[in-house]
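sequence and predicted structure, then a few things I'm wondering about:
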Amino acid sequence: MRVISLNMPLVKRGDDLPALIVRAAEQAGGLRDGDILVIASKVLAVVQGRLRKLARIHPSPRARKLATNARLEPEFVELVLREADEVLGASSGVILTLKGGILCANAGVDRSNVPLGHAALMPLKPNRAAREVCASIVKQSGAKVGVIISDSNVKPLRLGTVGQAIGIAGFEPVIDCRGQRDLYGRPLHITFRAIADQLASAAQAVMGEAAERLPVVIVRDMNIKLIEEPKRSPKIAPKRCIYFSALKPPKKR
């Protein structure tokens, strides 16, 4: 496997992101059939116009109360409340939420790598956006590729961020390994490979989190079968999640 970073300009609202990616890829030798492009969600959010100026946000009473508990700006918390599908709790500096079926901090609202006084929201309809970007790149480059929209995520009881695929196009994001044999011939019964998340993390190792300015990478030589429409989603219901299903609320006395 090879992970190739692309030098991209700073994007702005309304930019033709696929064209910028194809141009950057040409400078790195061009795209090839089978390449998987991993795109940082922040770049897509900016192009979609998903930046918000905090000074223009009017916090609700709920946001002010939660901001005190979480030690965050009320304007920022108001954006989190507007974006979150469900608020699960809060601790110092973070609000734990569900957003689009994903467990994440602050509903994906983020102030890093955006102009001062602004916050970026999660991209709109990331799967559809991934399909649109993928189709445009294929048309412009002539190469059959897949696309991942990647966002930073923190895993329970682990320090630091990893990559997570929030939008996928062109390949199956999860590989069903059930029925395959292990080293000693025993069949696997429950194992799935989150290949899209694995590639997102590999890409993030190159992208970085600060001022690297490498928001798009090519993952090459993974021999992933490209398809028109993925049949499986990496998302699962809370009742099927090993963390959610194990953490049962305490019994009332």
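Nice, I can see it.

can you confirm Gly89 is in a strand?
Yes: with DSSP: H, G, I helix; E, B strand; the rest coil as the criterion, Gly89 is part of a strand.

OK, contacts around it?
Ile95, Leu96 (Cβ atoms under 8 Å, 6 or more residues apart in numbering). Where C-beta positions appear, they are placed from N, C-alpha and C, glycine not excepted.

go again with 10 Å.
Asn69, Ala70, Ile95, Leu96, Thr97 (Cβ atoms under 10 Å, 6 or more residues apart in numbering).

same question for Cys177.
With Cβ under 10 Å, 6+ apart, Cys177 has these contacts: Pro187, Leu188, His189, Ile190, Thr191, Phe192, Arg193.

from the contacts of Gly89, which ones fall inside strands?
Mapping these onto strands (DSSP state E) picks out Ile95, Leu96, Thr97.

low-confidence ranges, this structure, go.
248-253 (pLDDT under 70).

and the helices in it, which stretches?
17-27, 41-47, 61-70, 74-83, 126-141, 195-207, 242-246 (DSSP state H).

by contact count, what packs against the fifth one?
Think helix 126-141. On a contact count with 3 or more Cβ pairs under 10 Å, 6 or more residues apart in numbering; DSSP states H and E, helix 126-141 meets helix 17-27, strand 36-40, helix 41-47, strand 146-154, strand 161-169.

could you redo the last one with a cut-off of 6 Å?
helix 17-27, strand 146-154, strand 161-169 (3 or more Cβ pairs under 6 Å, 6 or more residues apart in numbering; DSSP states H and E).

check which residues of the first one are buried.
By neighbour count, with 16 or more other Cβ atoms under 10 Å as the criterion, the buried positions of helix 17-27 are Leu17, Pro18, Leu20, Ile21, Val22, Ala24, Ala25.

quick one: residues contacting the fourth one.
Contact criterion Cβ atoms under 6 Å, 6 or more residues apart in numbering gives Val216 as the residues in contact with Ile21.

if you drop the residues flanking it in sequence, what lies closest to Ala203?
Val38 (3.6 Å; Cβ to Cβ, 6 or more residues apart in numbering).

can you name the residues bridging to the one you found?
Ile148, Val217 (DSSP bridges).

ok, it touching Ile148?
Yes: using Cβ atoms under 6 Å, Val38 is in contact with Ile148, at 4.6 Å.

shared neighbours of the two, anything?
In contact with both Val38 and Ile148: Ala200, using Cβ under 6 Å, 6+ apart.

in terms of neighbours, single out the busier of the two.
Ile148 (30 against 26; other Cβ atoms under 10 Å).

my guess is the more buried one contacts Ala165. True?
Yes: between Ile148 and Ala165 there is a contact under Cβ under 6 Å: 4.8 Å.

next, count neighbours for Phe192.
14.

contacting residues for it?
Val174, Asp176.

can we see that at 8 Å?
Taking Cβ under 8 Å, 6+ apart, one finds Val174, Ile175, Asp176, Cys177, Arg178 in contact with Phe192.

before we move on, back to that, so which of the helices of the chain is nearest Leu54?
Closest to Leu54 of the helices of the chain is helix 74-83 (Cβ to Cβ; 4.3 Å).

just the CA trace of the closest one, in CSV.
This file holds the C-alpha atoms of helix 74-83, laid out as CSV (Å, rounded to 0.1, in the frame of the first residue of the first chain):
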residue,chain,number,x,y,z
PRO,A,74,-22.1,29.6,24.6
GLU,A,75,-22.1,30.4,20.9
PHE,A,76,-20.1,27.3,20.1
VAL,A,77,-22.4,25.2,22.2
GLU,A,78,-25.4,26.6,20.5
LEU,A,79,-24.0,25.4,17.2
VAL,A,80,-23.4,21.9,18.7
LEU,A,81,-27.0,21.8,19.9
ARG,A,82,-28.3,22.8,16.5
GLU,A,83,-26.2,20.1,14.7
